[in-house]
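Chemist: What shape does this take:
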Amino acid sequence: YGEAKDGTPLDGRITLNVGARSISSLIFSASRRGPLIVEDVAIVIPFPNIVKTANLSANMGVVVYDEAGKVAKWVIGKLDEKMRPQLTGTMTMDGTKRPEENPPLLVTWKIPLASVSGLSVSGLSISG
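Modeler: Now for the predicted structure:
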């Protein structure tokens, strides 16, 4: 966050990089082949109430900022090994003090044919 001068509102910047790394605790299905695939990646970014507005852009996926709810949702989709997703932006504060809270990010994703617990389904039968 920038410093307020002469009663002017604070401004701030955000940069968020996303990447995947191999996790040894994942247990993969025997039918899985090839590199680690991470898909349906989405990040919800709650902003402090003091943020008046934010101007965000991403090099991958779609980012939408809800000014009324002070929340941005960045839907990346499938991670690409060749391109690292990055969100950048600026924000304007309503006031001259730094925000007192730093809300946590909510990150969701799927790794097909992988299980953290070791539980796997070897077959599925549907009848009727």
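
Chemist: drop to CA atoms for contacts and neighbour counts, all remaining ones
Modeler: Fine.

Chemist: Which helix or strand in this protein has the lowest average pLDDT?
Modeler: When the helices and strands of the chain are scored by mean pLDDT, DSSP states H and E, strand 27-28 comes last with a mean of 64.

Chemist: Check which element follows it along the chain.
Modeler: Following strand 27-28 in sequence order, the next helix or strand is strand 39-46 (DSSP states H and E).

Chemist: Please name every helix or strand in contact with that next one.
Modeler: strand 71-77, strand 106-110 (3 or more Cα pairs under 8 Å, 6 or more residues apart in numbering; DSSP states H and E).

Chemist: what angle separates that strand from strand 71-77?
Modeler: For strand 39-46 against strand 71-77, the angle by axes from the mean of the first three to the mean of the last three Cα atoms, to 10 degrees is 170 degrees.

Chemist: Give the rounded mean pLDDT of strand 39-46.
Modeler: Averaging pLDDT along strand 39-46 gives 94.

Chemist: Pretty sure Thr90 sits against Leu16.
Modeler: No - in this structure Thr90 lies outside contact range of Leu16 using Cα atoms under 8 Å: 12.0 Å.
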